[in-house]
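Colleague: attaching a predicted model along with its sequence, questions to come.
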Amino acid sequence: MIKIKVSDMLGKYKMTQKELSERTGIRPATLSAYYRETIKEIGKEHLNALCKVFNCQPGDILEYIPEEPTSQ
């Protein structure tokens, strides 16, 4: 599973979703979906804009978390 850590980054930089939307040009509804991690994919352009604003690498925004194997 891939975790999108927009909520963590907003907290770290003490920034609102509205401010992030204004600085990146990403629609508020899309940022809200990133924040709640309900979005299915993140475009390269959005990832680039987020990295630019947060001055970070993509790995600071995305994290791979292995899924627990299901026991049968």
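Modeller: Looks like it came in fine. If you're wondering where the values come from, they're calculated on a predicted model, not measured in any experiment.
Colleague: which residue ranges of this structure form helices?
Modeller: Counting by DSSP state H, the chain has helices at residues 6-12, 17-24, 28-36, 44-54, 58-61.
Colleague: rebuild these as TSV, extending it with distance to residue 68.
Modeller: For glycine as for every other residue, the C-beta is placed from the backbone atoms N, C-alpha and C. Output for the helices of the chain, formatted as TSV (distance: least, CB to CB, whole Å):
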stretch	distance to residue 68
helix 6-12	22
helix 17-24	31
helix 28-36	22
helix 44-54	27
helix 58-61	22
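Colleague: of all those, which one comes closest to residue 69?
Modeller: With CB to CB as the measure, helix 58-61 is the member of the helices of the chain nearest residue 69 (24.7 Å).
Colleague: buried stuff in the closest one?
Modeller: residue 61 (16 or more other CB atoms under 10 Å).
Colleague: how about JSON lines for the helices of the chain, with mean pLDDT added?
Modeller: Formatted as JSON lines, the helices of the chain follow (pLDDT from 0 to 100):
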{"stretch": "helix 6-12", "mean pLDDT": "96"}
{"stretch": "helix 17-24", "mean pLDDT": "98"}
{"stretch": "helix 28-36", "mean pLDDT": "97"}
{"stretch": "helix 44-54", "mean pLDDT": "97"}
{"stretch": "helix 58-61", "mean pLDDT": "96"}
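Colleague: does residue 49 really touch residue 24, like I thought?
Modeller: Yes - if you go by CB atoms under 8 Å, residue 49 and residue 24 touch, sitting 4.0 Å apart.
Colleague: so which of these two has more stuff around it?
Modeller: residue 24 (19 against 16; other CB atoms under 10 Å).
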